[in-house]
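Q: Test case, fold it:
(one chain, ligands or ions: 1)
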Amino acid sequence: MSDLPPLFGEDHTCPTCRLAYADLDVDRCLALVGESTTALAALLATVSDEALRRRPRPEVWSPVEYACHVRDVLLTFAVRVHRGVREVRPVLDPMYADWRAERFGYAATRLDVLLAELSAAAQGFGDEVRSVPGDAWDRTVARRPEEVRTVRWLVRQAAHECVHHLADVTASVRPAPPRTWGAAAPPSPEGS
Ligand SMILES: [Zn+2]
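A: Now for the predicted structure:
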């Protein structure tokens, strides 16, 4: 697992999308997951099939690959929350995101199938999180032995993935216009 990127900390603030985990209570996380996945689905439905499957750069996922990743994050984190509540510090499987994208053919996924699966994943994740007992948020899970995180972090991390990758896809399909008048380009769009 030497090539695994480290997990973000409990109180991570993303330097790119500015989301601060310390500001996110569970209700806010659920709202962000719902809003982001709804906006992502709406955005994908407006994009040509060619744009949907075009990687902006060879090392950057296409919109359809990002959306498959968000779906799998929600499925994976629902399981992680479920285990964190029921088991004593369970050891998590890494997602191996790039391997998963290749192995399961993200790039060729049909849009109608993807949108149905994304919606079901968001619903299931939300239902699972709403079922967490009030005294379980500080229970812990582990990935590497030194990477221990709370159930609360799992929910914040999943919400961040949705928000962050919506911005990635938005930037990919709606690139900022050229700076015709010398004005600064707006910051990375958040999608609404
Ligand atoms: Zn971010």
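
Q: Test my guess that Arg100 contacts Asp72.
A: Yes - at 6.3 Å, Arg100 and Asp72 qualify as touching, with contact defined as C-beta atoms under 8 Å. All C-beta atoms are positioned from the backbone trio N, CA, C, and that covers glycine.

Q: So between those two, which is more surrounded?
A: Asp72 (20 against 15; other C-beta atoms under 10 Å).

Q: The more buried one reaches Met95, doesn't it?
A: Yes - if you go by C-beta under 8 Å, Asp72 and Met95 touch, sitting 6.9 Å apart.

Q: Can you tell me how far Glu50 is from Ala116?
A: Glu50 sits 22 Å away from Ala116, going by C-beta to C-beta, to the nearest Å.

Q: out of these two, which sits in the more crowded spot?
A: Under the criterion of other C-beta under 10 Å, the comparison of Glu50 against Ala116 puts Ala116 first, with 13 against 7.

Q: Reduced to three states, what does the more buried one come out as?
A: Here Ala116 is recorded as helix under DSSP: H, G, I helix; E, B strand; the rest coil.

Q: Arg156 now?
A: For Arg156, the assignment made with three-state DSSP gives helix.

Q: That one: neighbouring residues, count only.
A: 26.

Q: all strands for this structure, in order.
A: Shown for the chain, the strands assigned by DSSP state E span residues 140-142, 148-150.

Q: between the ones you listed, which one is nearest to the ion?
A: The ion sits nearest to strand 148-150 of all those, at 16.8 Å, using C-beta to the ion.

Q: The closest one: partners in the sheet, and parallel or antiparallel?
A: Counting by DSSP bridges, the strands paired with strand 148-150 are strand 140-142 (antiparallel).

Q: buried sites along the partner strand?
A: Buried residues in strand 140-142, counting neighbours by 16 or more other C-beta atoms under 10 Å, are found at Val141.

Q: what about that strand, average pLDDT?
A: Mean pLDDT, computed over strand 140-142, is 98.
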